[in-house]
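J.: one predicted model, sequence on top.
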Amino acid sequence: MRRASGVANSLQGLPSDATLAIAHNDSWLFEDNVDATHPANLRYVIASTTQRIVSARLSIHLAPFRTYNSLSISATGAGSSHHHTTSVTTGNASNTHSLRHDGGAGTWTLDDGSSLVVQTTAFDNSGNEATHTHSVSGSSVLGVTEGATATGVTVAFDGVDATAALGGPFTTDQIELNVAPYLISTQGAWHVIAMQPSGLGRIEAHLRLGVYVSAGSIA
């Protein structure tokens, strides 16, 4: 009877020094806001006590983007006045005037207050004023605000894309996808499952690993 039990356990993938006759369940949870350039990165570690991974299931919930405040802002005025000053030489090099453009089409004001209608000419813009302000008013209010829901989600394991093999890209929730063939199981290192949407949203993910652990090495 003992020999028959040992054969059955061997066929089921049970290591000879495993802690239990059934695999342990390790769970990894992740949730965060995402967009087309910032994926949901679920990071996991394969424990050094792991003897064998017998199952790996990934569940993905696609949720609306969520923020915890809302900002309202509007312009309250045109801002401070400003002008552009330049110079033009007429007749000879000593006959120079300072000009200011006052907004009219082709109309400039000379430094003596008279107007000059310019048809076509070239100006030295060394006197341009770049510094000016525009008045605005706004407020930020605490509270939950939701936006778009993630769609077109691709899945990669340590940079290796497995989307097509898993049946994606995904636009709906996925429950316990079998990711064992694609999971990176090297011990002593961080691994990442990157879930990349096509736009703004939020992803909540759950990775469940069924593993056998060495007897006497649970800590």
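T.: Noted; the coordinates are in hand. Residues are numbered from 1 along each chain as shown.
J.: which residues does Asp56 contact?
T.: Not quite, residue 56 is Ala, not Asp. Asn178, Val179, Ala180, Leu183, Leu207, Arg208, Leu209, Gly210 (CB atoms under 8 Å, 6 or more residues apart in numbering). All C-beta spots, glycine's among them, are computed from the backbone N, C-alpha and C.
J.: with Gly152 instead?
T.: Pro169, Phe170, Thr171, Pro197, Ser198, Gly199 are the contacts of Gly152 under CB under 8 Å, 6+ apart.
J.: picking that back up, just the contacts of Ala56 now: which is nearest Val160?
T.: Of all the contacts of Ala56, Val160 sits closest to Leu183, with 10.5 Å by CB to CB.
J.: report pLDDT for the nearest residue to Ala36 once chain neighbours are set aside.
T.: Of all residues not flanking Ala36 in the chain, Gly199 sits nearest, at 5.4 Å (CB to CB, 6 or more residues apart in numbering). Per-residue confidence (pLDDT) for Gly199: 95.
J.: surely Gly199 and Thr149 touch.
T.: No: if you go by CB atoms under 8 Å, Gly199 and Thr149 don't touch, sitting 9.2 Å apart.
J.: please name the bridge partners of Gln187.
T.: Following DSSP bridges, Gln187 is listed with bridge partners Ile46.
J.: ok, back up a step: narrow the contacts of Ala56 to those in helices?
T.: The helices, defined by DSSP state H, take in nothing from these.
J.: how does the protein divide up, domain by domain?
T.: As assigned by automatic domain parsing, the chain contains the domains 16-66+147-213, 81-132.
J.: which one of those domains has the lowest average pLDDT?
T.: Across those, domain 81-132 has the smallest mean pLDDT, namely a mean of 55.
J.: and the contacts of Gly152, which are buried?
T.: Among those, those buried by neighbour count (16 or more other CB atoms under 10 Å) are Phe170, Pro197.
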